[in-house]
Structure formats: structure tokens, C-alpha cells
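Engineer: Quick one, what's the 3D model for this:
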Amino acid sequence: MKNLTAPAVSLIMALITGTGCNHSANNTQPEPVPVKLYQVRAADARQYTAYSGTIEESETIPLSFASVGTVAEVRVSEGQFVKKGQLLARLDTTTFKSAWKMANAVQQQAEDAYKRLAPMYQNGNLPEIKYIEVETGLQQAKAAAAIARKGLDDCNLYATTDALVGKRSVNPGMIALPNVSSITLVKISKVFAKVAVPEDEISLIKTGDKAMVTIGALGSREYAGTVEEVGVMADPLAHTYKIKIALANSEWKIKPGMICKVTIENPGLHQGLLAPSLAVLVDETGKNFVYVVDPATAKATRKYVQIGGMLANGLEITAGLNRDDHLVVSGQHNLVDNAAVRILPN
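Structural biologist: The predicted model follows:
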């Protein structure tokens, strides 16, 4: 074999060194994935459930005339505050006055006949049957006059309580009918937030529970309230139950019909573990999973979990996790099962 020249030896050594470097590079471990962790804890037993609802008045009082007649005057407008006994509206009284005058005339005639014939009966100059006839005629005349007077009085419509005029359904010249509301009074010094609660949650709500009502129309102002009514009849289509939360409304700023958000405290509603929503991922089959890191080994393990419900500050996990597990909440999308991680401070 011929002796190798110095340049040839240098070339061979360079090739060997390059081959060794490439082989070493191919065996290099992937860099640990930087992650942030969250320590699993029990879900707070005091959870708050939110519902949408509407405001309604505490009491509605529809008022109607007792007789058919033409409306002569309406003295109030919608939104006006009225006192008990205040005159709200009246009917034209022409016909009723005539009927009352006629009934009074008949009563006066009957009274005159009775006064003249009563002494004759007492003296034995008038048969008893005739006396009874006159006495009965007087009683009938008095009753007819009383009915006519009531008809005249019923031409006036008065407020039955202190309240606001919620709706005015009549104007002068219209025909008012009995049992058809002419003016509706509402009481709003106390109002109700009325919401529908799903059937699987209604058993957790009882009268006296505290609630917070937020009204967007009033600048998202919050009002503290109390559950005052819990319905017992379900909506046959929606399978929900109506509940009412009472609110003090001394300033009358809350109006019936306003949309509101109601948050009710439900003790003991959630008994699982709490996990941040962003920590829970979904695989290609639709199953929920998380990455749990053992700080001692700095390895991320995929764990499948079951979700119980949505909470105000995360998700309720009912299976798949242990208390004090460390979940990946940042960098989880770059992980695979058993990946090495580098834990970053929170």
C-alpha cells in the first residue's frame, strides 16, 4: 500500500469527524416544551347560576266601569301616580240622571200614598190587603231608587289604591263596557324579576335564596334581591319552572318589561373538581382530555376527563382527575403524550 500523503489523511479525518457529528445530531432529544401549570382544587360549593328574565310589577289592578256608557272624561295619563279614592274617569251621566230622577219621583209618590193610607188602616177603615199592597209598593220604589242611584255613582271610576297608571285603554267618546279594563294600575315600589329555571335545577332553589339582578337598561346596575316565589307547574314545552325574585324599587327606576340577568347562589350545586376552561382539549373522537404534569419528572401525561358543568370560573370535572393534579394551562397545544416540559412560573 502506498503511503498516504498529509492532505489525504486530513481529508479522511474530516469526513470521519463530519459523519460522527451528523449521527450525534440525529440522536439529540427534542427541547422541553415551556408550559404553565394550574393546581386542581375542589369546586366551590357556593356556585352562582345565571338566568335571563324580565321585570314585572308586583301587583296589577285592572279597573273597569260597572255599566255600559260613553266615556265623558279621563283625568289621568299613563305613568301618573294616583292616590286611593282619586277620580280617574267618568261616563256621560245624562241617561243615568234621568233614570235616577224618575225612580225618585216614583219613591216620593209611594211615600205619599203610604202616609195617607197608614192612618186609615190603623183606624180600621182600610183593608189589610190594600195596606200591604201600598207598603210593598213603597219598598219597591225605594229599591228602584237605590239601584238608579248606584247606576249614577258607577259612572265614576276611582283609584282603589295608591299606584301608578300603567295603561289607559279609553278616551272620551269611546264606549266603555263592564268587565273590560279601562284603566290599569300597577304597583312598582316592589318589582319582581321573573325567570325560567330548568327542571334539573329547580329543586336547588328555594324561597329566601339570595340573588343579584343586573339590568342593562339602567347601565348594568346591580340590585340585591330574594327569591319570593318558586313555581310548581312546569312549562310543558320548555320544561322550565317560573321563579320570582323580589326587588326594592323605591326610586321607581326599574320599569316592568326590562330585560335582566339574574344570578342565584346555589349552595352544594357542584361537588366535583375545578379546572380552567382553556386546560380542557378535545381529541379527534370528540373526547375531552387534559395534560397533567408531574413536577418531579417534568413529563406531561394525557388524561381523559368527564365534564359535569360550566362554572363561573371554569369547568366542573367529575372524573379523570385527582385533587392537587397539575394541569397545563399554557403551551398545551404544543404537547404530545409523555412530552418533556419546562415549567414556567405563573
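Engineer: What's the biggest helix in this protein, counting residues?
Structural biologist: When the chain is parsed with DSSP state H, its longest helix is helix 94-122.
Engineer: Only the buried residues of that one, if you could.
Structural biologist: By 16 or more other CB atoms under 10 Å, the buried positions in helix 94-122 come out as 96, 99, 100, 103, 106, 107, 110, 113, 114, 117, 121. All C-beta spots, glycine's among them, are computed from the backbone N, C-alpha and C.
Engineer: same thing with stretch 223-237?
Structural biologist: Neighbour counts over stretch 223-237 (16+ other CB under 10 Å) mark 223, 225, 227, 228, 230, 234 as buried.
Engineer: what's in contact with it?
Structural biologist: With contact meaning CB atoms under 8 Å, 6 or more residues apart in numbering, stretch 223-237 is reached by 192-193, 196, 199, 202, 205-215, 240-248, 254, 262, 264.
Engineer: Select from the residues you listed every entry located in strands.
Structural biologist: In strands, defined here by DSSP state E, the members of those are 192-193, 196, 210-215, 240-248, 262, 264.
Engineer: Residue 211 - how many residues pack around it?
Structural biologist: Residue 211 is flanked by 24 other residues according to other CB atoms under 10 Å.
Engineer: wait, I meant residue 74
Structural biologist: Neighbour number of residue 74 under other CB under 10 Å is 18.
Engineer: what's the nearest residue to it if we skip its chain neighbours?
Structural biologist: Leaving aside its sequence neighbours, residue 74 sits nearest to residue 89 (CB to CB, 6 or more residues apart in numbering; 4.4 Å).
Engineer: Buried residues of the helix or strand hosting the one you found, list them for me.
Structural biologist: According to DSSP states H and E, residue 89 maps onto strand 87-91. Neighbour-count burial for strand 87-91, with 16+ other CB under 10 Å as criterion, is recorded at 88, 89, 90, 91.
Engineer: quick one: pLDDT of residue 172?
Structural biologist: pLDDT for residue 172: 96.
Engineer: can you map out the helices along the stretch 51-200 of the chain?
Structural biologist: Here the stretch 51-200 of the chain has its helices, by DSSP state H, counting those that start in this stretch, at 94-122, 128-153.
Engineer: will you turn those into CSV that also has mean pLDDT and distance to residue 178?
Structural biologist: What follows is the helices of the stretch 51-200 of the chain, written out as CSV (pLDDT from 0 to 100; distance: least, CB to CB, whole Å):
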stretch, mean pLDDT, distance to residue 178
helix 94-122, 94, 14
helix 128-153, 94, 12
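Engineer: With distance to residue 303 added, can I get those helices in TSV?
Structural biologist: Output for the helices of the stretch 51-200 of the chain, formatted as TSV (distance: least, CB to CB, whole Å):
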stretch	distance to residue 303
helix 94-122	84
helix 128-153	81
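Engineer: For residue 321, state which of the buried residues of strand 87-91 is nearest.
Structural biologist: residue 88 (65.6 Å; CB to CB).
Engineer: Can you report how many residues lie near the closest residue to residue 345 other than its chain neighbours?
Structural biologist: Spatial nearest neighbour of residue 345, chain neighbours left out: residue 36 (7.9 Å); criterion: CB to CB, 6+ apart. Look at residue 36: counted by other CB under 10 Å, it has 17 neighbours.
Engineer: which other residues reach the helix or strand hosting residue 36?
Structural biologist: Element membership of residue 36 [criterion: DSSP H and E] is strand 33-39. Identification of contacts with strand 33-39 by CB under 8 Å, 6+ apart yields 275-276, 279, 291, 293, 295, 300, 324-332, 334-335, 339-346.
Engineer: The nearest residue to residue 61 once chain neighbours are set aside and residue 335: what is the separation?
Structural biologist: Excluding its sequence neighbours, the residue lying closest to residue 61 (CB to CB, 6+ apart) is residue 185, at 4.2 Å. Relative to residue 335, residue 185 is positioned 66 Å away (CB to CB, to the nearest Å).
Engineer: Neighbour count: these two, which is higher?
Structural biologist: Taking neighbours as other CB under 10 Å, residue 185 and residue 335 compare with residue 185 leading, 24 against 19.
Engineer: Can you tell me which of the contacts of strand 33-39 are buried?
Structural biologist: 275, 279, 291, 293, 300, 325-329, 331-332, 335, 339, 341, 343.
Engineer: biggest separation within those, which pair?
Structural biologist: Within the buried ones among the contacts of strand 33-39, two members stand farthest from each other by CB to CB: 275 and 339, at 19.5 Å.
Engineer: Make sure residue 324 is actually in contact with residue 273.
Structural biologist: No - Residue 324 lies out of contact with residue 273 (CB atoms under 8 Å); the separation is 9.7 Å.
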